[in-house]
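1. task: produce atomic coordinates for the following.
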Amino acid sequence: MKHLYCSLFGHKYVVSKKVTYHVKEYTCKNCHEEVTTNGNGKLTLLTPKHKEINSVLERIHLKRIKRQQLMFDR
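-> Reported below is the predicted structural model:
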């Protein structure tokens, strides 16, 4: 029934995780389908490969932010 609603009216995506400033993961409110933004900025299904890519991106992004904060604190 949840998929029927989404097939008729479309998905209602909500940001579930912010990976970086530009890359986010979204979840549909109704059917709980998970998508993420790809390199072109379009939404793609969140496969295990994309989850791994997003986790690596997030780790790199957090390290960069910490390094910048250390430089500004000096």
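2. and the longest helix anywhere in the chain, what's its mean pLDDT?
-> Assignment by DSSP state H gives helix 48-73 as the longest helix of the chain. Mean pLDDT, helix 48-73: 93.
3. now do the same contact list for residue 5.
-> Residue 5 makes contact with 30-31, according to Cβ atoms under 8 Å, 6 or more residues apart in numbering. Where you see a C-beta, it was placed from the backbone N, CA and C, and this is true even at glycine.
4. okay, and it sits in which element?
-> Following DSSP states H and E, the helix or strand that holds residue 5 is helix 2-9.
5. the residue positioned nearest the centre of the chain pairs with what?
-> Nearest to the mean C-alpha position of the chain, counting by Cα atoms, centre = their mean, stands residue 25 at 1.9 Å. Residue 25 has the following beta-bridge partners by DSSP bridges: residue 17, residue 36.
6. thought it was touching residue 35?
-> Yes - Residue 25 is in contact with residue 35 according to Cβ atoms under 8 Å; the separation is 7.4 Å.
7. what do those two both touch?
-> Joint contacts of residue 25 and residue 35 (Cβ under 8 Å, 6+ apart) are residue 46.
8. quick revisit: avg pLDDT for the helix holding residue 5?
-> 85.
9. any idea how far the residue nearest to the centre of the chain lies from residue 38?
-> Going from residue 25 to residue 38 by Cβ to Cβ, to the nearest Å gives 12 Å.
10. quick check: the gap between residue 39 and residue 53.
-> Counting by Cβ to Cβ - residue 39 and residue 53 are separated by 10 Å.
11. those two: which is more packed in?
-> Using other Cβ atoms under 10 Å as the criterion, residue 39 and residue 53 rank with residue 53 on top: 16 against 9.
12. so what's the more buried one up against?
-> Residues in contact with residue 53 (Cβ under 8 Å, 6+ apart): none are found.
13. residue 54 reaches residue 37, doesn't it?
-> No - contact between residue 54 and residue 37 fails when scored by Cβ under 8 Å: they sit 9.4 Å apart.
14. common neighbours of the two, please.
-> Common neighbours of residue 54 and residue 37 (criterion: Cβ under 8 Å, 6+ apart): residue 23.
15. can I have stretch 51-59 written out in PDB, keeping just the CAs?
-> Only the C-alpha atoms of stretch 51-59 are listed here, as PDB (Å, rounded to 0.1, in the frame of the first residue of the first chain):
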ATOM      1  CA  LYS A  51      26.700   3.500   1.300                       C
ATOM      2  CA  GLU A  52      30.400   2.700   1.400                       C
ATOM      3  CA  ILE A  53      31.300   5.600  -0.900                       C
ATOM      4  CA  ASN A  54      29.300   8.000   1.400                       C
ATOM      5  CA  SER A  55      30.900   6.700   4.500                       C
ATOM      6  CA  VAL A  56      34.400   7.200   3.100                       C
ATOM      7  CA  LEU A  57      33.400  10.700   1.900                       C
ATOM      8  CA  GLU A  58      32.000  11.500   5.300                       C
ATOM      9  CA  ARG A  59      35.200  10.400   7.000                       C
END
